Structures are given as C-alpha cells and as structure tokens.
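A.B. asks: have a look at this prediction, sequence included:
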Protein chains: 2
Amino acid sequence: MEAPLAQKIKLSTIADALGVSTATVSLALRDSPLVADVTRDRIKQHAREIGYIYNRRAASLRTSRSGIVGVVVHDIMNPFYAEILRSIESELDRSGQTFILSNHYDQLEKQRTFVDTLLQLGADGVIMSPAIGTPAEDIIMAEENGLPAVLIARSVDGAEVPVFRGDDAYGTALATNHLISLGHKRIAMIGGTDQTSTGRDRYQGYLNAMQAAGLEVMPWWRIAGPRTKQGGFEAAGQFLALKDKPTAACCWNDLVAIGLMNGIARAGLVPGIDASVTGYDDLEEAQIATPALTTVWNGQREVGRRAASALLDKLNGQQVRPSQELIKPELHVRQSTGRPKERA
Amino acid sequence: MEAPLAQKIKLSTIADALGVSTATVSLALRDSPLVADVTRDRIKQHAREIGYIYNRRAASLRTSRSGIVGVVVHDIMNPFYAEILRSIESELDRSGQTFILSNHYDQLEKQRTFVDTLLQLGADGVIMSPAIGTPAEDIIMAEENGLPAVLIARSVDGAEVPVFRGDDAYGTALATNHLISLGHKRIAMIGGTDQTSTGRDRYQGYLNAMQAAGLEVMPWWRIAGPRTKQGGFEAAGQFLALKDKPTAACCWNDLVAIGLMNGIARAGLVPGIDASVTGYDDLEEAQIATPALTTVWNGQREVGRRAASALLDKLNGQQVRPSQELIKPELHVRQSTGRPKERA
DNA sequence: CATAGGGCTTTAAACGGTTTAAAAGACCGT
DNA sequence: ACGGTCTTTTAAACCGTTTAAAGCCCTATG
C-alpha cells in the first residue's frame, strides 16, 4: 500500500497550470508590485486550492536567509530560563523567525555541536547564555561565519557582542541589605558557583553589602554549589548545622530558596520566623510558596525581549554596539524574611 | 570596517585546491567506499584545515532529508513536558537529528502555524501533544505532505498514528483507591478539563474507583479547570468551602496538588493531616514538597523515549503501526495522605 | 513616424550540494 | 598490442527557489 504520493507541488506546477513562468509565480506569492493584480490573485488562489507548500530550504539556498534563530541556554527546564525563552519567543514570532532551542547543561561540547548545527542550517543568528568556560574565540568564530550572536545572563570576556543581563551585584546587595536592616548580622550565602560571571557578581554584591554595614563574613557561611530546588533542599541540613548559626540565608535563586525553605520546614522549623530566606529571580512560584518568598526581581522578560530585539536589529544590518546592558533589579518583600530569632 | 569576509568555502573550494572534482569531495566527506582511502584522507584533512562548513540546506534540497524534527507541546515551562522533552532530546541527539520546539498553549492556530513551518523547512517528522480540539485532518494532512507524526500524552480520534501516553484512568483509580483505603469517603477531584482525552480519562478513573467502592459522588466535588500551581493555589479556598467538606483531594497533577497544599497551608491547615492530597506525574518536586506528595508516577521519560524512537523508526521507513501504547502508572505513597480528619 | 518609457512577464543563471551512468586508469594475462 | 576486470574519478543532471537582465506590448511624445 505505497502511498500514491501525488507529485510534489512546486512553483512550476502552478506556473504550468496557469500558463505563466515560475518567476511570475514566485513574485506573485510574495506580493511583489511587479506583477499585475489580476495575475497575482489568480496565482494565489490557485496555489491555495492545490495546497502549495513553500520550500524554505530552496529559497534560503538562494537568498541565504533561513528565518531560523538558535537559542542555547543552560537548561530550558529551569523556570528562570523558561521565562526568558517565552519572551524571546514572542518577540521572534512577530517577525516571523522560527527558533531552535537547545540545552548545553554547561557542557562546552554540547554547545559547540549546537552552534555547528546552526552554521550548517544557515541560521540567521543565535542568542546564547554561554556555557561555563566558553572562550571568546567560539563566539568570534560564529560571527565570522555569518552567525551573529547576542548573549544573555552571562558575559564572555573578549567577545565583542551585546550582552543583556541583570545587575547581579546590585541585586544581591538589595537582598542582603534588606536582611541587615531587619537586624540580621550573621547571613549565609547559599548556592551558585564562582565559575560564571553571574556567580561572582552575586557573591560580590553580598560581600559588599556586609562590608558596607561593617559586618564580618565567615567563609564557611558560603555554601557554594546548589542551583536547583533539590540542591536547596539538601543544603538545609548543612545550613542549620552551620557554626555560628546564621539567622538568615541569602540564596542564589528562588529555586534554591524554595528548596531550602522546604528543607527547613522538614526539620520542624518555620521559614520566615525561625530563619529568614531570600531568593533571586522572582519566579511566579515565589508568590505562592509558603511562606511567600522575599526575592529580587530580575527582569527576565526584559532580558529576553531586549536580547531578541537586538538580534533582530543585527540581522537587519543595523550596527549594534557591543554594550553590556544591565537591567536594574528590584526587591520584592514578602513573608519569608523577618526579624532574627536565635536558635538553640 | 566591513569584514573582509573570506570567500565562502564550499565543496568546489576544496575540489579546486586539491585538483579533484566536487563529486569526489562530496563522496569522500561522507565516507563513501567509492573513493580511495588516501584520497579520502587528503580531502578530509584539507576540509578540516580550511574550516569547511557543510551546507545542510543545499544537501537537503537534493536529498529531501533535513535532519530536523519538530516537537510541539502545550507548554515547555510545564515540568511534566519538560521531563518528556529531555528524554526526547537525548534520544534524537544520538541519531543526529536537530529538534525544533514550540508551545501551542492549546491554541489550534499556533499549532497549525508551527506545523506549516515544519512543512516549509522540510522537517523529517513531528512529535506532538495535540492542542485541544485538534481535528484528525490536521494530522492526516501533515502525513500526506511527508511529515510523519507521533503523538504523546493526548490522542486524536481518527488519526492513524502511534500514541504514547500513560494509562490515565488506571492511574487516577490508583490514587483514588489509596484514599478510599485510608478511610476517605468524600473525595474531591481538582483540576483538569473534559476537553482532552487525558482529562476525560482521569476523571473517569476517579469515578470508577468511587463507584466500585460504592461511594456516592457529588458533582460539585469536581473543580474543573486548574492545571498549574497557581491554579491549585487559587482553588484551595473553593475546596475548603465545599459543601459536605470532602476530606481529601485527588488532583489533576502534581502542580495543582502542590499549589493546593500551599493554599491549604496558607489557610492555617496542615496538608496531609487536615486534608489529604494526591498528585499526578511524580515530578522531582513531589519529593521535596512539604509534606512530600503522594502521587502517581506517569512514566514521562518512558513516554518521551518511546515516542522519539517510534518516530525514528518511521523515518527509516519501518512500518510503525498506529498503536495506543499505554504506560502503566505506579502509585508513590508519601506524607500528603493520611486518615481522614473531619473539619469543623 | 520613429522612439522612449511604463507596466508586466519571461529567460536564464545562480545557490551548494548529491547522484549515477559513464569514462578513465591500473593491473593482469596472453 | 589487446582485452578483460576492478577500482577510482568525473561530468552532468537535478533539487526548488530568487533575481538581474532582457523582452514584449502599448501608449505618449517630439
């Protein structure tokens, strides 16, 4: 039962049926003013009737514009990126670009493979949150091969491309200052890694705030590593057993904060009362966590929107200067933070 | 400072440099046994040295194989789909297919636009969790135009394609029976919609279990609609105010269940003690929720893996019969369920 | 009456690969 | 010198569009 497989319909199918040339059909379908109104209408109608499907590969072979944009992030399952992706999607959608997504899970190799695929497909550009350890050459190479890039969330030293991200140092300082103003003096910093610019910036913001308030910081107050809910949950035991018993935790992100709160609750303590917790990102979930999470809004949608629109500008040949756009975060105070309470 | 833009490197660049024909180069790069070993090595080495980039659009124009697979789901931000996507990704990766992702947010129009894009790109196949209201013709049309499809999570009546999903009726029956065996007699069903096969199946499973146990079911015990954490959170008030005060809630999925538990906690009650709650999906998060969530494991990874591999089989011309593969769910009992406790 | 110009259409050459029949070489034996 | 058999290589067609450039038909103009 082989499918009868009607002959593939192409421009020439229409051209032959209507007794015109393929050039006319091509022009007509793209609403060129070169073709007469009546001809255009006839062609478009016929095309619709017989179910013509535009062949983008053929077209892009000729025009070297594929209408494809690649997006690589650490992990699309992470709600932080998911929100960015959503705004990138809506921005690209409106200009008719298709986007291809990939996780690199911070593996340079995966990222390279993906960029290579984009090059092969003739993608028009790429938006990336670079994997840990991405060398500037990787990005330069992409650009040289006609794949303009825009970075989000993390920057790469030496790569002359636009970067959109939040002002992380300022953001953690906001959270830390909030805790300090409530009376906390011993504050732990949980999660994140020094291997990314974001990680370094956030830690620095915390240190700055502590120092500015004249508070001492013990190195063991930093529990580096966790970046997920699971990670935060597991860090709870360690946090509660910390020497000097910090009364508050400034967390790497909302996921870690929520996980930590779950872990604290599991230990029989009440987050927000027995220990204060701050997050970072202000995911939707922060509002419905119990207690609602005090956190730093990071402007994800803004990051995504601006990154996408900068890339589109680049595609349209506009000169986009390689600026570092820092989006100003805001503190959103909720119930997970309160006055310090000493534990036994 | 226009880029000097080195001449694009193509097959003929290599051919000219080495004094052979493009045919030889093409064959050599693809390891054809037709070309002599020494020739092949020379060609491959030279290609690597000058940084040749394979042009997939050109190739696929001739071969009509693009190496692209489309995936459409309701929402990639939903962790349920995210887990499926991850396993699809790893399965496709290993066979060198690139995948393009899209959300349809249950809007038929978005889904159609995406399928159309896939057709234009000459995608090799599509894996979809069809939007509510998808008519069989949409899928038949895609297949007729050379875009083989495989469905996940939801089925479409009349579409002769493989479907991979969990046995939803059986799964909710498991959860409901568990609650019944704990002594609950008034059980609410929260979230989901009758507009999808999944929604109908899960509700049916709940009804079956109640009936089999000889328990009466009040229509107002069903709070249809919610499908997210936010939705579950908002449904808490309604649930707690329900006539007859059900002592347990069988939720549409883990997100709704966790949201509901947060809402219950916010109302000053303790989930798992004052009211029992079951979820569905067994997301990672179910384990760290407070209290840990009793839920039904739905085999997401299995669904993704099998769907991807069925599609690959189809691409390779194997006859894949349009079976409905039901994956058997399992009940995972944790702390969110317990003996019933009457509320004031 | 030639000619110019405007409006619309066609011709033909790309774009960068793959495919396959046929040509060219290499090697052997007579 | 010649044929026969293998192994390599090549020429040319093809995939479905786009786009300069050229062509055609009419009407307006000097």
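C.D. replies: Sure thing, it's come through.

A.B. asks: what's the end-to-end length of stretch A:53-73?
C.D. replies: One end of stretch A:53-73 sits 32 Å from the other (C-alpha to C-alpha, to the nearest Å).

A.B. asks: let me know the average pLDDT across that stretch.
C.D. replies: Mean pLDDT, computed over stretch A:53-73, is 95.

A.B. asks: now do the buried residues in it.
C.D. replies: For stretch A:53-73, burial by neighbour count (16 or more other C-beta atoms under 10 Å in any protein chain shown) applies to A:53-61, A:66-73. Any C-beta I mention is one placed from the backbone N, CA and C, and that applies to glycine too.

A.B. asks: mind checking which of those land in helices?
C.D. replies: A:56-61 (DSSP state H).

A.B. asks: these: which ones sit near DNA strand C?
C.D. replies: A:58, A:61 (C-beta under 7 Å from any atom of the strand).

A.B. asks: phi and psi next, for residue A:149.
C.D. replies: When read as degrees, to the nearest 10, the backbone of residue A:149 gives phi -120, psi 150.

A.B. asks: wait, it sits on residue A:138?
C.D. replies: No - using C-beta atoms under 8 Å, residue A:149 is not in contact with residue A:138; the gap is 9.3 Å.

A.B. asks: of these two, give the one with the bigger neighbour count.
C.D. replies: Neighbour comparison, residue A:149 and residue A:138: the larger count goes to residue A:149, with 25 against 19 (by other C-beta atoms under 10 Å in any protein chain shown).

A.B. asks: how near is the more buried one to chain B?
C.D. replies: Applying C-beta to the nearest C-beta, to the nearest Å, the value for residue A:149 to chain B is 14 Å.

A.B. asks: if we look at chain B, which of the ones in helices among the buried residues of stretch A:53-73 are close to it?
C.D. replies: Among those, the ones lying near chain B by C-beta under 8 Å from any C-beta of the partner chain are A:56-58, A:60-61.

A.B. asks: among those residues, which one sits closest to DNA strand C?
C.D. replies: Of all those, DNA strand C sits closest to residue A:61, with 4.1 Å by C-beta to the nearest atom of the strand.

A.B. asks: residue contacts, that closest one?
C.D. replies: B:55, B:57-58, B:61 (C-beta atoms under 8 Å, 6 or more residues apart in numbering or on different chains).

A.B. asks: excluding covalently adjacent residues, which one is nearest to it?
C.D. replies: With sequence-adjacent residues excluded and distances taken as C-beta to C-beta, 6 or more residues apart in numbering or on different chains, residue A:61 is closest to residue B:57, at 5.0 Å.

A.B. asks: for the host helix or strand of residue A:295, the distance to its chain's centre please.
C.D. replies: Here residue A:295 sits within strand A:295-297, counting by DSSP states H and E. With C-alpha atoms, centre = their mean, to the nearest Å as the basis, strand A:295-297 stands 16 Å off its chain's centre.

A.B. asks: packing partners of it?
C.D. replies: Judged by 3 or more C-beta pairs under 8 Å, 6 or more residues apart in numbering or on different chains; DSSP states H and E, the packing partners of strand A:295-297 are helix A:168-182, strand A:330-332.

A.B. asks: partners of the last one, with directions?
C.D. replies: The reference is to strand A:330-332. Take DSSP bridges as the rule and strand A:330-332 pairs in its sheet with strand A:295-297 (antiparallel).

A.B. asks: packing partners of the following helix or strand past the partner strand?
C.D. replies: Later in the chain than strand A:295-297, the nearest helix or strand by DSSP H and E is helix A:300-315. Applying 3+ C-beta pairs under 8 Å, 6+ apart, one finds that helix A:300-315 contacts helix A:79-93, strand A:125-128, strand A:149-152, strand A:163-166, strand A:324-327.

A.B. asks: does any part of the helix or strand that comes right after the longest one sit near chain B?
C.D. replies: Once the chain leaves helix A:79-93, the next helix or strand it forms, by DSSP H and E, is strand A:98-103. Yes - contact between strand A:98-103 and chain B, assessed by C-beta under 8 Å from any C-beta, occurs at A:98-101, A:103.

A.B. asks: what of stretch A:245-252?
C.D. replies: No - contact of stretch A:245-252 with chain B (C-beta under 8 Å from any C-beta) is absent, the minimum separation being 14.7 Å.
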